[in-house]
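In: Show me how the following folds:
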Amino acid sequence: MFVIHQNELKVVVGAGAFNNNPGWIQTQEDELNLLDESTWENKFKHNSISAILAEHVWEHLTFEQGVEAAKICYKFLKSSGHIRCAVPDAFFPDETYQNIVKVGGPGPIDHPAASHKIVHNYITLTQMFENAGFEVILLEYCDESGKFYYSEWDANDGVIYRSKRYDARNQGDQLGFPSLIVDAIKR
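Out: Numbers count the residues shown, from 1 in each chain. Modelled structure (predicted):
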């Protein structure tokens, strides 16, 4: 496990209205675009960021865009820095959940899922980050049979609200809205 110290640069991309990570730099797409390297260069130096957190952001990119975004992030992360990424899990065996997170969303154009371009599983998300040069550690995910796996992770390295630990919909052994969560580490 790695621990981020208080003097290290930590960035949340696509922060939304929530601030689950006090002390982290909270950003929105219009100020820090995952696919526009110049927005990163305007704010950060290469090899300067210790951690990037993206909670339910990468599903709004195609697989190819996801690889490109990861490559841009890679340039700005320090050696051993990481991206903690959470996305909806394609292998979570719940029809209602899958209908909500599916590509294009469940209905109205103003629904947050309307812009989903991919629903990752642990294989595709791992491959995406590995294609960009990262080593991937699976933290929370379902396998092809729907079995849920959980590895202890340190909230100091980035809090993911939509997780087994923090989301009230996930109590005990009952999962209502899990995420596929990985740490992608720059080596």
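In: Identify, by residue count, the longest strand of this protein.
Out: The strand spanning the most residues in the chain, taking DSSP state E as the definition, is strand 77-87.
In: Going by neighbour count, list what's buried in that strand.
Out: Within strand 77-87, the residues scored as buried using 16 or more other CB atoms under 10 Å are Leu77, Gly81, His82, Ile83, Arg84, Cys85, Ala86, Val87. The C-beta positions use only the backbone N, C-alpha and C, and glycine is treated the same way.
In: Okay, now the unreliable bits of the chain?
Out: Within the chain, the set of residues satisfying pLDDT under 70 comprises 1-7.
In: Grab the most central residue of it for me.
Out: Averaging the C-alpha coordinates of the chain gives a centre point, and the residue nearest to it by CA atoms, centre = their mean is Cys85 (2.0 Å).
In: I'd like to know the beta-bridge partner residues of that residue.
Out: Legend: beta-bridge partners of Cys85 under DSSP bridges are Ala54, Val182.
In: what's near enough to touch it?
Out: Leu53, Ala54, Val57, Trp58, Leu125, Phe129, Ile181, Val182, Asp183, Ala184 (CB atoms under 8 Å, 6 or more residues apart in numbering).
In: Next, format those residues as TSV and append neighbour count.
Out: Formatted as TSV, the contacts of Cys85 follow (neighbours: other CB atoms under 10 Å):
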residue	neighbour count
Leu53	24
Ala54	24
Val57	21
Trp58	28
Leu125	27
Phe129	25
Ile181	27
Val182	26
Asp183	23
Ala184	26
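In: can I get those in TSV with distance to Tyr149?
Out: Listed next are these as TSV, based on distance: CB to CB, whole Å:
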residue	distance to Tyr149
Leu53	21
Ala54	20
Val57	22
Trp58	19
Leu125	14
Phe129	17
Ile181	10
Val182	12
Asp183	14
Ala184	17
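In: Check those residues against Asn33 and report the nearest one.
Out: Val57 (11.1 Å; CB to CB).
In: hang on, the earlier thing: next one: the longest strand of the chain to chain centre, how far?
Out: In terms of CA atoms, centre = their mean, to the nearest Å, the centre of strand 77-87 is set 9 Å apart from its chain centre.
In: Residues contacting the following helix or strand past it, please?
Out: Following the chain from strand 77-87 toward its C-terminal end, the next helix or strand by DSSP states H and E is helix 95-101. With CB under 8 Å, 6+ apart as the test, helix 95-101 has contacts from Glu59, Pro88, Ala90, Phe92, Pro106, Ala113, His116, Val119, Gly176, Phe177.
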